[in-house]
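Colleague: make a model of this:
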Amino acid sequence: MHNIKVVGSGCPNCLKLETLVREVVDENSFKANIEKVTDVNDFADLGVFMTPGLIVNNNVLSQGKIPTKSTLEHWLNKEKNQ
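Modeller: Numbers count the residues shown, from 1 in each chain. Below is the predicted model of the structure:
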């Protein structure tokens, strides 16, 4: 199971990333717990210094940008196989 955290204060890019994550999880039937982290006081503790941030299984995979759908699918498949 993936533990996914979408880190961001709620800006349009943060919302886009959350939507993309949910879409990829649903389309690929990944088992995932998706959490939205919006408290700016938690961002640095998680290792995210630019939003939106994406953390999968405690690994910061992206920050400050929205990955493409295919990149996100690749990352989640890679994490699934580890």
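Colleague: what about the residue most central in space within the chain, distance to Lys69?
Modeller: The chain has Leu54 as the residue nearest its centroid, 3.1 Å off, counting by C-alpha atoms, centre = their mean. Plainly put, Leu54 is 13 Å away from Lys69 if you go by C-beta to C-beta, to the nearest Å. C-beta: built from backbone N, CA, C; applies to glycine.
Colleague: tell me which other helices or strands the helix or strand bottoming out on mean pLDDT in the chain touches.
Modeller: Here the helix or strand of the chain ranked lowest by mean pLDDT, DSSP states H and E is helix 69-80, holding a mean of 89. For helix 69-80, the packing partners by 3 or more C-beta pairs under 8 Å, 6 or more residues apart in numbering; DSSP states H and E come out as strand 2-7, helix 12-27, strand 53-56.
Colleague: which helices and strands does the shortest one pack with?
Modeller: This means strand 53-56. By 3+ C-beta pairs under 8 Å, 6+ apart, strand 53-56 packs against strand 2-7, helix 40-46, strand 59-63, helix 69-80.
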